[in-house]
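Novice: sequence and predicted structure, then a few things I'm wondering about:
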Amino acid sequence: MTQQQCVPSHVAIIMDGNGRWAQHRNQIRAVGHRAGLKAVRKIVTYAASIGVKVLTLYAFSSENWKRPSTEVSALISLFIYALNREMKSLNKNNVRLNIIGDISRFSNHLQNMIINAEQLTKNNSGLVLNIAANYGGRWDILQSAKKITEQVVNGHLTLDDITEERFSLEMSLYNLPEVDLVIRTGGDYRISNFLLWQIAYSELYFTDILWPDFNPSLFDEAIKAFNTRERRFGGIDDKEQTC
Ligand code: FPP
């Protein structure tokens, strides 16, 4: 990383390509997911070291339940394994872990692990690591709409109280800096129901690299590309743009 580069505060990643990575090696897809976890470790460590404040990773989408049950089980087992194995080291490195998504569909065991992990790290002041698990951008907007509607029905809010700011308060990531950069590996050019509301003004970066092959120097490439973008947030003047 050169000194002049501006490091985005919040980076979100769609980690795609694990299955193909494994297939290219004549291995089952779960092998690709395990290799993907190794890449997660490297990127989390590197992102924290260069001053990224928030990293949000798409680990399991609401649509991933449609995959064969063996693959769903492998992904959930890997999540449990990662929580068991990495919690101490994340905590020691001052990382605050947050899971976003509808965790009610997971087993009680996994839900408890998630709650304990969040509890253990909640006072850490270093990198905020959000793992999106059973997450969908549409689900997120809908759950916010339901909470707001409930408050209108109860008389705690009026229709005029419903502003973008008020709505955002009910969305995942509401208390964190805006997403500056979305990276998608694996060669597809879409968002796949990841953060929708939250990426309205994010820069998007797509690469053909399969997720298990993604590494710190490729992360630097994405940041370099981010630094070439002119962010206007809907306005016309970027003179005010700061890092
Ligand atoms: C997409 O690749 C990746 C996933 C659905 C899962 C991502 C999971 C990990 C990187 C490992 C676990 C991470 C944590 C934080 C526990 P794909 O299977 O769609 O690949 P393909 O497009 O090549 O089929």
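Specialist: Structure's in. What do you need? Residues are numbered from 1 along each chain as shown.

Novice: when you work out contacts or count neighbours from here on, use the C-alpha atoms and nothing else.
Specialist: Will do.

Novice: which bits of this structure sit near the ligand?
Specialist: Residues of the chain found near the ligand (C-alpha under 6 Å from any ligand atom) are 15-20, 33, 36-37, 59-60, 78-79, 82.

Novice: of all those, which two lie farthest apart?
Specialist: Pairwise distances across these (C-alpha to C-alpha) peak at 21.6 Å, for the pair 20 and 82.

Novice: who has more neighbours out of those two?
Specialist: Counted by other C-alpha atoms under 10 Å, residue 20 and residue 82 do not tie: residue 20 has more neighbours, with 18 against 14.

Novice: in PDB, could you pull the C-alpha coordinates for stretch 205-214?
Specialist: As requested, C-alpha coordinates have been extracted for stretch 205-214 and formatted as PDB (Å, rounded to 0.1, in the frame of the first residue of the first chain):
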ATOM      1  CA  TYR A 205     -15.300  -3.300  -7.900                       C
ATOM      2  CA  PHE A 206     -15.600  -6.600  -9.700                       C
ATOM      3  CA  THR A 207     -12.700  -9.100 -10.300                       C
ATOM      4  CA  ASP A 208     -12.500 -12.500 -12.000                       C
ATOM      5  CA  ILE A 209     -10.300 -13.900  -9.300                       C
ATOM      6  CA  LEU A 210     -12.000 -16.700  -7.400                       C
ATOM      7  CA  TRP A 211     -12.400 -16.000  -3.700                       C
ATOM      8  CA  PRO A 212      -9.900 -18.600  -2.400                       C
ATOM      9  CA  ASP A 213      -7.200 -16.900  -4.500                       C
ATOM     10  CA  PHE A 214      -8.000 -13.400  -3.300                       C
END
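
Novice: okay, buried residues for it please.
Specialist: For stretch 205-214, burial by neighbour count (16 or more other C-alpha atoms under 10 Å) applies to 205-207, 209-214.

Novice: nearest to residue 49, of the residues you listed?
Specialist: Nearest to residue 49 out of the buried residues of stretch 205-214 is residue 214 (C-alpha to C-alpha; 16.7 Å).

Novice: what are the phi and psi angles of that closest one?
Specialist: For residue 214, the backbone dihedrals (degrees, to the nearest 10) come out as phi -70, psi 140.

Novice: how much space between it and residue 36?
Specialist: With distances taken as C-alpha to C-alpha, to the nearest Å, residue 214 is found 9 Å from residue 36.

Novice: got a list of contacts for the biggest helix by length in the chain?
Specialist: The helix spanning the most residues in the chain, taking DSSP state H as the definition, is helix 69-92. Here helix 69-92 makes contact (C-alpha atoms under 8 Å, 6 or more residues apart in numbering) with 29-30, 33-34, 37, 60, 64-65, 96, 110, 113-114, 117, 120-121, 124.

Novice: and these, which of them are buried?
Specialist: 29-30, 33-34, 37, 60, 64, 96, 110, 114, 117, 121, 124.
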